[in-house]
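[1] what's the 3D shape of this:
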Amino acid sequence: MNVNTKDLALTIIYAALYAALVVVFSPISFGVAQFRIAGALRPAIAKRWILAFGYGLGVLVGNFFSPFAGPWDLIFMPLMSIIAGLAGFLIAKRFNQNYFVSGAVTAVIIAFSLSFMFEQLGISPFLVALPMLLVTELATCLIGAAVFTLIDKRFKW
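    Have a look, this model is predicted:
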């Protein structure tokens, strides 16, 4: 659990990139049928646990631009993002820090969390939102995992 300057800087950059991608692609980043391009960054958490906190911070900042901004978007989802990221890291660690495993675990937890949130807000029933969110969350993480796997062949971090 040692945090050095390099990891801290990487986490801040990760959070900023996540938030920027949410804002730039805001028309498709929010709602029941959301497709967050920023979600492709989540598989990177497989290599560094501290990125889970960058993910949570990025979600917090990005969600300030949500049409639903409130306690659910600004407290619940950032906390669930940190939990999902840490779970993704811990499970991926058992599979040689596999990006696909990290992404899949994170995507599933986030899809369930979003479905629960949408039901609580009266936006969509849980079982209506869940299948759609599972598809979009898993798709973005699959894309991200493939990209990070290709990057890993060239660069080590």
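
[2] pLDDT weak spots in the protein?
    1 (pLDDT under 70).

[3] go again with 80.
    Scanning the chain for pLDDT under 80 picks out 1-3, 68, 156-157.

[4] in it, which spans are helices?
    Remark: helices assigned in the chain by DSSP state H are 5-24, 26-29, 51-63, 71, 77-93, 99-120, 126-154.

[5] most tightly surrounded among those helices?
    helix 51-63 (a mean of 24; mean count of other Cβ atoms under 10 Å). Bear in mind the C-beta positions are built from the backbone N, C-alpha and C, glycine included.

[6] quick one: that helix to helix 99-120, angle?
    40 degrees (axes from the mean of the first three to the mean of the last three Cα atoms, to 10 degrees).

[7] save the helices of the chain as TSV, and put in distance to G39 too.
    Output for the helices of the chain, formatted as TSV (distance: least, Cβ to Cβ, whole Å):
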stretch	distance to G39
helix 5-24	9
helix 26-29	9
helix 51-63	10
helix 71	22
helix 77-93	10
helix 99-120	7
helix 126-154	4
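
[8] so which of those is nearest A40?
    helix 126-154 (3.2 Å; Cβ to Cβ).

[9] mind giving me the packing neighbours of that closest one?
    helix 99-120 (3 or more Cβ pairs under 8 Å, 6 or more residues apart in numbering; DSSP states H and E).

[10] so for A38, which of the helices of the chain sits nearest?
    Nearest of the helices of the chain to A38, taken as Cβ to Cβ: helix 5-24 at 3.6 Å.

[11] show me what that closest one is packed up against.
    Applying 3+ Cβ pairs under 8 Å, 6+ apart, we find helix 5-24 packed against helix 51-63.
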